[in-house]
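Trainee: return atomic coordinates for the entry below.
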Amino acid sequence: MDRDICQHCGTEIKPLRKQYNLTPKQLSLLAYIQKYIEDRQVAPTIPEMAEHEGISSNSIKTRLDSLEKRGHIKRIKYAKRSITLT
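Mentor: Residues are numbered from 1 along each chain as shown. So this is what the prediction gives:
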């Protein structure tokens, strides 16, 4: 597996790694969110992210918590598609 390219969508994450200082798994999710919002003008749902990453919804929530704690995203609790990039 090439850690510089998202294995699911092919988004290049190497530039993001240096810019954001995140783990490859966090970068993969952040890159997916960024591309999804860019393409659709709305954030993905947790089930969509889980399907894309091939992991459980609980694991997605953990990664989102980490991204939010580090200041890369903001979320509105209990609202669907409420992720915004910071």
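Trainee: run through the helices of this protein in chain order.
Mentor: For the chain, the helices defined by DSSP state H occupy 14-20, 24-40, 46-53, 57-69.
Trainee: let's have these in a markdown table, adding mean neighbour count.
Mentor: Where you see a C-beta, it was placed from the backbone N, CA and C, and this is true even at glycine. Shown next, in a markdown table, are those (neighbours: other Cβ atoms under 10 Å):
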| stretch | mean neighbour count |
| --- | --- |
| helix 14-20 | 14 |
| helix 24-40 | 18 |
| helix 46-53 | 16 |
| helix 57-69 | 16 |
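Trainee: could you export these to TSV, including columns for mean pLDDT?
Mentor: Below are the helices of the chain laid out as TSV (pLDDT from 0 to 100):
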stretch	mean pLDDT
helix 14-20	62
helix 24-40	92
helix 46-53	95
helix 57-69	96
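Trainee: with respect to Lys77, which of those lies nearest?
Mentor: Across the helices of the chain, Lys77 has its closest neighbour in helix 57-69 (10.6 Å, Cβ to Cβ).
Trainee: identify the residues contacting the closest one?
Mentor: Applying Cβ atoms under 8 Å, 6 or more residues apart in numbering, the set of residues contacting helix 57-69 from outside is 22, 25-26, 29-30, 46-47, 49-50, 53, 73-75, 83.
Trainee: now for these: which two are most distant?
Mentor: Across the contacts of helix 57-69 (Cβ to Cβ), the longest gap, 22.4 Å, separates Leu22 and Pro47.
Trainee: if we ignore the residues flanking it in sequence, what's nearest Met49?
Mentor: Ile60 (4.8 Å; Cβ to Cβ, 6 or more residues apart in numbering).
Trainee: in JSON lines, list the helices of the chain along with distance to Ala79.
Mentor: Shown next, in JSON lines, are the helices of the chain (distance: least, Cβ to Cβ, whole Å):
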{"stretch": "helix 14-20", "distance to Ala79": "24"}
{"stretch": "helix 24-40", "distance to Ala79": "15"}
{"stretch": "helix 46-53", "distance to Ala79": "11"}
{"stretch": "helix 57-69", "distance to Ala79": "13"}
